[in-house]
Every structure is written in C-alpha cells, then in structure tokens.
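Chemist: the sequence isn't on hand, but the structure is:
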C-alpha cells in the first residue's frame, strides 16, 4: 500500500485537541487495510516527527433518520478506522497550517 493512501485526514474535534495539548496524541482517519507499522511510517515521513505509539480502532457505522416534507428518510453513516498516534516528547504536528 502506498503511503499516500494510508492517511486520509486528521480528526479535528474538541476531544482530539485536548489530547494533542496534554498527551501529544494526534487522531487520524486512516485506510481500513492499513496496519500500525504502515501508519507509523506514514506519519513520520509526512510530518517529520518520531512516533512513539500507535493505537487503532474501528468506529462502527450509525443509522441516521431525518424527517422531511416527503416523509422520513433513513440511511447509514459509514464506519471508518481511526488511529491515535503518540509522538515523542517535545515534538508536535501543526495540523492547522494548511487551513
């Protein structure tokens, strides 16, 4: 698998920002087929930091319903794989530079 296919996008939420400040842990949405070693090398090459630990989890899909003029519409929000990457002490990733 190519390194550009592994990382999809960073996750920017309040919980993720709190972990960035306190624990130097960053959250990324990654490809479902990527393993921890591939995620580690991709983050190290893209952001130029030393990765200490990688934790992964699969976020399950959720069913969503909404009410419209034509009736109730139901669908499914697809699941994804999340990686929590801990970088070495004293290093950081600037995720807001490209915004």
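Modeler: Sure thing, it's come through. Quantities reported herein were computed from a predicted structural model and do not represent experimental measurements.
Chemist: show me the strands in the protein, by range?
Modeler: Assigned by DSSP state E, the chain shows strands spanning 7-10, 25-30, 51-59, 62-68, 71-77, 80-87.
Chemist: among the ones you listed, which comes closest to residue 96?
Modeler: strand 7-10 (9.5 Å; C-beta to C-beta). For glycine as for every other residue, the C-beta is placed from the backbone atoms N, C-alpha and C.
Chemist: adjacent strands (with direction) for that closest one?
Modeler: Here strand 7-10 is paired, per DSSP bridges, with strand 25-30 (antiparallel).
Chemist: looking at the sheet around the residue most central in space within the chain, what are its partners?
Modeler: Residue closest to the average C-alpha location in the chain (C-alpha atoms, centre = their mean): residue 28, at 1.7 Å. Residue 28 forms beta bridges with residue 10, residue 83, as assigned by DSSP bridges.
Chemist: now the strands of the chain in JSON lines, with mean pLDDT and distance to residue 16?
Modeler: Putting the strands of the chain into JSON lines (pLDDT from 0 to 100; distance: least, C-beta to C-beta, whole Å) gives the following:
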{"stretch": "strand 7-10", "mean pLDDT": "94", "distance to residue 16": "8"}
{"stretch": "strand 25-30", "mean pLDDT": "96", "distance to residue 16": "4"}
{"stretch": "strand 51-59", "mean pLDDT": "97", "distance to residue 16": "13"}
{"stretch": "strand 62-68", "mean pLDDT": "94", "distance to residue 16": "19"}
{"stretch": "strand 71-77", "mean pLDDT": "94", "distance to residue 16": "19"}
{"stretch": "strand 80-87", "mean pLDDT": "96", "distance to residue 16": "9"}
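Chemist: great, nothing more from me.
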